[in-house]
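[1] Model the structure of this input:
(chains A, B, C and D)
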2 protein chains.
Amino acid sequence: MIGYMKRDSRLSSVLHALLHMAELDDPMTSEQLARCLNTNPVVVRRTMGFLRRAGIVVSDRGHAGGWRIASDLAAITLRDLHNALGEPDVFAIGHRHEAPDCLVEQSVNAALDETFAEVQALLLKRMAHVTLADLADDFARRHTVRNSHHKEHEQDA
Amino acid sequence: MIGYMKRDSRLSSVLHALLHMAELDDPMTSEQLARCLNTNPVVVRRTMGFLRRAGIVVSDRGHAGGWRIASDLAAITLRDLHNALGEPDVFAIGHRHEAPDCLVEQSVNAALDETFAEVQALLLKRMAHVTLADLADDFARRHTVRNSHHKEHEQDA
DNA sequence: TTTTCATGTAACCTATCATGTTACATATAG
DNA sequence: CTATATGTAACATGATAGGTTACATGAAAA
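    Reported below is the predicted structural model:
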């Protein structure tokens, strides 16, 4: 890999999973999702468990069990998912000491916190405006474009 | 600690260091800075080295050596420091696969990238507007406020 | 009811990475 | 020359996201 992994890729993972689930009508098992996500079924259960506890998905055990989306795609936002995942830290940049004695460090921390808090607020606002339905539409559009490109190529050849 | 450490606290560190340096007229040694920052002189050299290579600070070896700020405080922005540090990842949230085969995952990644890129742009813009002089002023103001609070307490007692 | 298939979860392993540390080379003022 | 400073390589440490194993629990099918 060129770069390196972000600290938390669960949001990306659950989005990926949810969109696959949205395409199918039957529930998907952790096993199936794990294959989609290139990961382990236990990791899927662990991560999807956050969404279950938030009421975003439903899981059924036993035969014909698996994971289902609980509500309408248009009603689930990125912000909902972020919240469900426990509102993990957004930024990889921050200060080391939470409550430093040094007045200079306090001042630096306060200034940085102010800037980062404002930006985080914007991010959360944006995330609250993007729904799963939007992403599904995005996907459909891209897929269509890709197909028409294919056709153009076929015509070229 | 309650939360956990952010992945990169170097921006906070160099700000802390630079403000201490700004208060003094003489150069400060890595040893002195390390005491201020509660860290190791080698870590200071390593981190400040980025600023040296970017021309933000100057280091002198030998007797009476140490670190000095190269230019005016009003000319150095948070963005400059961020750039000097190699423009590290701003977000702790991201996707796992840089170039996934799965079309769904591609779509998810693109949507997330779009949102995060916009927010990152705002952050960098904000950082470009905050100078070391601003932070020094902030500090002076806070320090004054704190002193007057002290005086009030003394009057109360 | 027994079997099979699914989730739920605890407990551990592993890779990665920021930071800390040791050791030593290099430069410079006195 | 010596003392004092940075420069840097090499390695240690600690935290953590994600992977893995093992097993309990529950539900449908046989």
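[2] Run through the helices of chain A in chain order.
    A:10-23, A:30-37, A:41-53, A:78-84, A:103-128, A:132-156 (DSSP state H).
[3] quick one, which of these is nearest to A:Ile93?
    Shortest distance between A:Ile93 and the helices of chain A, using Cβ to Cβ, is found for helix A:103-128: 7.6 Å. Where you see a C-beta, it was placed from the backbone N, CA and C, and this is true even at glycine.
[4] Now the closest one: average pLDDT?
    Throughout helix A:103-128, pLDDT has a mean value of 96.
[5] ranking the helices of chain A by burial, who's on top?
    helix A:10-23 (a mean of 22; mean count of other Cβ atoms under 10 Å in any protein chain shown).
[6] Touching that helix from outside, list them.
    A:27-28, A:33, A:36-37, A:39, A:44, A:47-48, A:50-51, A:57, A:67-69, A:73, A:76, A:78, A:81-82, A:85, A:88, A:132, A:135-136, A:139, B:93-96, B:102, B:104-105, B:107-109, B:111-112 (Cβ atoms under 8 Å, 6 or more residues apart in numbering or on different chains).
[7] As JSON lines, the helices of chain A with distance to DNA strand D would be great.
    Output for those, formatted as JSON lines (distance: least, Cβ to the nearest atom of the strand, whole Å):
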{"stretch": "helix A:10-23", "distance to DNA strand D": "5"}
{"stretch": "helix A:30-37", "distance to DNA strand D": "8"}
{"stretch": "helix A:41-53", "distance to DNA strand D": "4"}
{"stretch": "helix A:78-84", "distance to DNA strand D": "13"}
{"stretch": "helix A:103-128", "distance to DNA strand D": "17"}
{"stretch": "helix A:132-156", "distance to DNA strand D": "19"}
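[8] so can I have JSON lines of those helices showing distance to B:Met5?
    Output for the helices of chain A, formatted as JSON lines (distance: least, Cβ to Cβ, whole Å):
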{"stretch": "helix A:10-23", "distance to B:Met5": "19"}
{"stretch": "helix A:30-37", "distance to B:Met5": "28"}
{"stretch": "helix A:41-53", "distance to B:Met5": "23"}
{"stretch": "helix A:78-84", "distance to B:Met5": "21"}
{"stretch": "helix A:103-128", "distance to B:Met5": "14"}
{"stretch": "helix A:132-156", "distance to B:Met5": "32"}
